[in-house]
Each structure stands twice: as C-alpha cells, then as structure tokens.
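[1] sequence and predicted structure below; questions after.
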Amino acid sequence: MSEGIAIFTSGGDSAGMSPAVKCAVEYAARMGYKPWVVYDGLRGLIDDKFAEPDREMMSGILHRGGTFLRSSRSKRFFQIEFREQAYENLKKRGIGKLIVIGGDGSFRALNQFYADFGVPFAGIPATIDNDIPGTDYCLGVDTALNIIRQSVDSIRDTAHSFSRAFVIEVMGRHCGYLAMVSALTSGAEVCLVPELPYNLDSIGKRLQEEIRGGRNYILAIVAEGTKMGDYLTRWMNDSIGMEARLTVLGHVQRGGSPTVRDRLMAYKFAVGAVDALHRGETNSVIVYRDGSYGTKPIHEVCDARYELDPTVLKLAETLCQ
Ligand code: F6P
C-alpha cells in the first residue's frame with residue numbers, strides 16, 4: 001500500500017489555499033503517494049474529518065476563495081491527549097506525512113506534533129498579512145491587495161466627488177505590508193503602519209500645502225495594527241478641516257477568487273511541499289525568496305522576525321511624514 005500524505009488548511013483562511021490543496025493532492029498521487037484531505041484544519045485532524053479525494057472533489061475548486069476544506073484555530077491541539085488522538089487517526093490510515101497550508105502558528109503546532117510522534121510535515125505559507133519570516137510571499141496576499149485596490153479606487157471616486165478625506169483601514173494584525181503596498185499603488189497621501197514612525201505635524205503641513213495648491217480630497221490608508229483609524233479620521237476633520245469618513249475594509253479582504261499570481265504560487269508551493277517530503281525533509285517550510293523557491297527548517301522561520309521589503313519601507317516613509 002502507498003504511503004499516505006494528508007493535506008489540510010489551518011488558521012486564518014486566504015485565497016490560494018484551495019488551488020494549493022488541489023495541486024498537492026494531484027502531485028502527491030503522481031509521485032506515488034496516497035493523498036488524503038482533512039476538513040476543518042487541526043480540529044479535523046483530532047476529530048477524524050479525513051476524506052479520500054476523488055476526481056469529483058478535486059473539480060471546480062481552482063477558482064474558489066477561502067479554503068474549500070475549511071479551517072480552524074484549535075486550542076485542543078496544544079494538549080497532548082488530543083494530539084495522540086490525531087496521531088491515531090493518521091496511523092490507522094497509513095498516513096506518514098503531512099502538508100499544512102497556513103501560518104507560523106500552525107507550523108509551530110505541527111512541529112510539536114513532529115517532536116511527539118515523528119510525523120514529518122511541510123508547511124506552505126498562507127496569510128494575507130504576508131508576515132511569515134523567511135519568505136517574501138504568502139498565499140492570499142496578491143488577491144487581498146487587488147481587493148483593496150478595487151475598494152480604494154471606488155472610494156477615491158466618492159472622495160473626489162464630495163471633496164472629502166477618507167481613512168481606509170486595511171487588515172494586518174501586526175504587519176503593515178498590505179497598507180504600504182496599497183497606499184503606494186493607489187496613490188494615497190498618507191499611510192500609517194506599525195513598522196514606521198509617523199509625524200502628524202509634518203503630514204498636516206504637507207496636506208495643507210497641497211490643499212492650497214488645489215487638492216480637494218485625501219486618501220489615508222492605515223494598518224489595522226496601528227489602531228489609528230478613528231483618531232486619524234477625527235484629526236482629518238478637526239485639524240485639516242476636511243470632512244472625513246472612515247472605511248474599515250475588514251474581512252472582505254480575506255475572500256474572493258484567487259488571482260492568477262495566487263493560483264500559480266499555490267501550484268509552486270504545493271509541488272515544493274511534496275518534493276521536500278519526498279526528499280526526506282522532516283519539518284520545513286516552503287519559501288519564496290529573492291525570486292527563487294526553496295525550503296527553510298522550521299526553527300529558521302518560527303524563531304525569526306519577519307522582515308519587510310526595505311524598498312517598500314523606504315517608499316512608504318514619505319507617506320508617514
Ligand atoms: O492573520 C490574518 C488576519 O486576517 C489579520 O489580518 C486579522 O487581524 C485577523 O486575521 C483577523 O482574524 P479573525 O478572522 O479571527 O477575526
């Protein structure tokens with residue numbers, strides 16, 4: 001009997017997870033493994049939500065947003081008795097390898113599982129925050145950026161028509177990547193992120209000068225992690241003197257059909273994950289760094305701090321001052 005590989009998605013969902021599952025299933029089968037999928041992430045691993053993917057299940061999912069396997073954040077997985085239960089579910093099916101598509105919290109959980117039972121895993125980075133150390137790209141980022149771009153373009157129409165300032169809050173729990181790239185590519189006047197210091201006095205002077213020069217609307221993009229949305233909106237209103245509104249984009253950024261980039265990255269990461277396990281790697285994460293694909297041992301990912309692209313940071317600096 002062929003060795004089983006189980007594939008599942010875990011943590012916050014993101015576009016690109018569905019095509020990554022499809023490719024991992026199909027490529028694992030081509031490489032001689034018996035693919036399995038697990039519904040509901042780590043929770044499903046414990047609660048025995050396994051399925052044998054067939055052609056019907058693998059059809060019509062390439063374009064689907066979120067994750068067709070569903071996802072979860074499981075507190076129970078931190079307890080050994082539940083990890084034992086998960087291990088029994090793998091053992092009875094002859095599953096000896098795991099592919100997890102998710103964030104660094106999920107990779108840490110699987111690393112603990114590897115330490116407990118020696119089941120090798122490969123991690124595929126997926127989060128719209130783009131904050132997993134060691135990789136320049138995580139699945140879902142391009143789709144989220146395109147959703148933000150479309151929303152900001154719409155907001156600009158009404159901002160210009162009604163001569164208003166708009167503060168737009170984008171996701172990013174601790175990381176300002178989405179905010180910075182969106183601000184730069186949408187031509188926003190202001191961008192506040194946790195990674196860069198800002199100076200409201202100089203921003204104010206710059207905006208007043210532009211208003212004197214004919215500017216009739218303002219767009220400001222703030223990262224969720226700064227918690228500055230409400231404050232900046234009041235400031236635009238009271239200190240800049242332009243009627244201001246706040247738009248919190250929220251979970252709309254997490255959905256949507258994956259872009260071409262996310263579908264292609266999903267394929268490359270999935271092939272990388274199966275190949276890494278096939279080579280005998282036991283606990284690695286598939287990364288995309290400086291234009292090439294590779295793997296990194298889990299500790300190099302989980303013990304490090306993510307680093308933002310310095311050229312993006314440099315460009316965004318001008319929007320914080
Ligand atoms: O980590 C991805 C993310 O979308 C963050 O940007 C956001 O802060 C968080 O998840 C929201 O989590 P939840 O869906 O649990 O509200």
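    Looks like it came in fine.
[2] CA only for contacts and neighbour counts going forward, please
    Will do.
[3] how close does the residue nearest to Ser186 when sequence neighbours are not counted sit to Ile128?
    Distance criterion C-alpha to C-alpha, 6 or more residues apart in numbering; nearest residue to Ser186, sequence neighbours excluded, is Arg149 at 6.4 Å. Arg149 sits 14 Å away from Ile128, going by C-alpha to C-alpha, to the nearest Å.
[4] more neighbours, the two?
    Higher neighbour count among Arg149 and Ile128: Ile128, with 26 against 17, using other C-alpha atoms under 10 Å.
[5] what number of residues lie near the residue lying closest to the more buried one once chain neighbours are set aside?
    Sequence neighbours aside, Val141 is the residue nearest to Ile128 in space, at 4.5 Å (criterion: C-alpha to C-alpha, 6+ apart). Residues near Val141, counting by other C-alpha under 10 Å, number 26.
[6] could you report the pLDDT at Val141?
    In the prediction, the pLDDT value recorded for Val141 is 98.
[7] my read is that it contacts Asp129, right?
    Yes - the criterion here is C-alpha atoms under 8 Å, and Val141 meets it with Asp129 at 7.0 Å.
[8] shared neighbours of these two, anything?
    Both Val141 and Asp129 are in contact with Leu178, where contact means C-alpha atoms under 8 Å, 6 or more residues apart in numbering.
[9] tell me how many other residues crowd Glu307.
    15.
[10] repeat for Cys138
    Using other C-alpha under 10 Å, Cys138 has 28 neighbouring residues.
[11] could you do Val222 as well?
    29.
[12] part of a strand, is it?
    Yes - under DSSP: H, G, I helix; E, B strand; the rest coil, Val222 falls within a strand.
[13] beta partners of it?
    Note on Val222: beta-bridge partners by DSSP bridges are Glu169, Leu192.
[14] can you give me the pLDDT of it?
    pLDDT, Val222: 98.
[15] can you list the low-confidence ranges for the stretch 151-300 of the chain?
    In the predicted model, the stretch 151-300 of the chain carries no residue with pLDDT under 70.
[16] point out the other helices and strands that the helix or strand where Ile5 lies packs with.
    Element membership of Ile5 [criterion: DSSP states H and E] is strand 4-9. With contacts defined as 3 or more C-alpha pairs under 8 Å, 6 or more residues apart in numbering; DSSP states H and E, strand 4-9 has these neighbours: helix 17-30, strand 34-38, strand 95-102.
[17] wait, does the first one contact the ligand?
    Translated: helix 17-30. No - Helix 17-30 stays clear of the ligand (C-alpha under 6 Å from any ligand atom), getting no nearer than 13.4 Å.
[18] roughly how far is that helix from the heart of the chain?
    19 Å (C-alpha atoms, centre = their mean, to the nearest Å).
[19] buried set for that helix?
    Buried residues in helix 17-30, defined by neighbour count with 16 or more other C-alpha atoms under 10 Å: 17-29.
[20] packing partners of that helix?
    Using 3+ C-alpha pairs under 8 Å, 6+ apart, helix 17-30 sits against strand 4-9, strand 34-38, helix 260-279.
[21] can you tell me which of those is packed in deepest?
    Greatest average neighbour count among these goes to strand 4-9 (a mean of 27), per mean count of other C-alpha atoms under 10 Å.
[22] distance between it and the chain's centre?
    20 Å.
[23] quick check: neighbours of that strand in the sheet, parallel or antiparallel?
    Short version: by DSSP bridges, strand 4-9 pairs with strand 34-38 (parallel), strand 95-102 (parallel).
[24] for the last one, give the mean pLDDT please.
    Looking at strand 95-102 alone, the average pLDDT works out to 98.
[25] same question for the shortest one.
    Average pLDDT, strand 34-38: 98.
[26] which residues touch it?
    So strand 34-38 is contacted by 2-8, 25-26, 28-29, 44-45, 48-53, 69 (C-alpha under 8 Å, 6+ apart).
[27] tell me what angle it forms with helix 17-30.
    On the basis of axes from the mean of the first three to the mean of the last three C-alpha atoms, to 10 degrees, strand 34-38 is oriented at 160 degrees to helix 17-30.
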